[in-house]
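S.K.: Attaching a predicted model along with its sequence, questions to come.
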Amino acid sequence: MKFATPLIEGRLVSRYKRFFADVELPGGDVVTAHCANTGAMAGIKDAGLKVWLSRADNPKRKLKFTWEIVEAQDTLIGTLPGRANELAEEAVHGGILTELGGYASLRREVKYGDNSRIDLLLEHEDRPPCWVEVKNVHWMRQPGLAEFPDGVTSRGTKHLGELSAKARAGERAVQLFIVQRSDCTRLRPADDTDPVYGEALRAAHAAGVEILAYRCEVTPAGIAITHPMSVELS
């Protein structure tokens, strides 16, 4: 995924009210950018961090900038959870996610379960459908180890239950973690942050849900999924 226009570099002043981030630009001006990440953003929201913003073309938008990337722990990290879905779709079409290859069509945001929408639905007339839930990951507390979630996610737990139901019905179900940083080689659930989610992930795996994780190369020019990661559930 390439950014449509060059990103604008700045320094984070503060992230507040979940959706807002004040950023100081090189000339000294401070702008307010949209923060599309409503999570805890553990480790990537400290004042003074170098960040990159995209500029919106829509004249109706109140906030003209969106916070895209942050530099933390000596690496570049993608901050937008919604990018993970775009990256996953691009990687399926590009043959990077080899486990998800061989399907004739891909649809996004298809209704399923209890008033939910699946991130990716892969279909082929010769095989059962493949339901793919995508989760964005940025958190690293130990070198090389990505963790999810960085806060309690009842919604994520609900999705695991719905994937499990698909797997038990004989269809293919996949929980795909997209780690928007390049310095991690393995992933595990953050049980101390949300033990309910950790238990649900292991139960989903036992029910037949496939657990996949991939890391990304992040640059101010673009973001791309590159390598598979091991997943530690024990």
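M.R.: Yep, it's here.
S.K.: all contacts plus neighbour counts: C-alpha atoms, from now on.
M.R.: Will do.
S.K.: what about the spatially most central residue of the chain, distance to residue 114?
M.R.: Closest to where the C-alpha atoms of the chain average out (CA atoms, centre = their mean) is residue 136, at 1.7 Å. Using CA to CA, to the nearest Å, residue 136 is found at 22 Å from residue 114.
S.K.: what's the answer for residue 202, then?
M.R.: 21 Å.
S.K.: Looking at those two, which one has more neighbours?
M.R.: Between residue 202 and residue 114, counted using other CA atoms under 10 Å, residue 202 has the larger neighbour count: 16 against 10.
S.K.: which residue sits closest to that one in space, ignoring its chain neighbours?
M.R.: Leaving aside its sequence neighbours, residue 202 sits nearest to residue 233 (CA to CA, 6 or more residues apart in numbering; 6.5 Å).
S.K.: residues contacting that neighbour?
M.R.: Residue 233 is in contact with 188-189, 202, counting by CA atoms under 8 Å, 6 or more residues apart in numbering.
S.K.: so can I have TSV of these showing distance to residue 19, secondary structure and pLDDT?
M.R.: Shown next, in TSV, are those (distance: CA to CA, whole Å; DSSP: H, G, I helix; E, B strand; the rest coil; pLDDT from 0 to 100):
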residue	distance to residue 19	secondary structure	pLDDT
188	27	strand	98
189	25	strand	98
202	32	helix	98
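S.K.: could you dump these to a markdown table with distance to residue 39?
M.R.: Listed next are the contacts of residue 233 as a markdown table, based on distance: CA to CA, whole Å:
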| residue | distance to residue 39 |
| --- | --- |
| 188 | 18 |
| 189 | 16 |
| 202 | 22 |
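S.K.: if we take those residues, which one ends up nearest to residue 72?
M.R.: residue 188 (20.2 Å; CA to CA).
S.K.: Report the separation between that closest one and residue 149.
M.R.: Applying CA to CA to residue 188 and residue 149 gives a distance of 9 Å.
S.K.: Please enumerate the helices of this structure.
M.R.: Secondary structure of the chain, counting by DSSP state H: helices at 81-94, 154-168, 195-206.
S.K.: What residues sit buried inside the last one?
M.R.: Within helix 195-206, the residues that count as buried by 16 or more other CA atoms under 10 Å are 197-198, 200-202, 204-205.
S.K.: can you pull the buried residues of stretch 29-48?
M.R.: So for stretch 29-48, counting by 16+ other CA under 10 Å, buried means 30-37, 41, 44-45.
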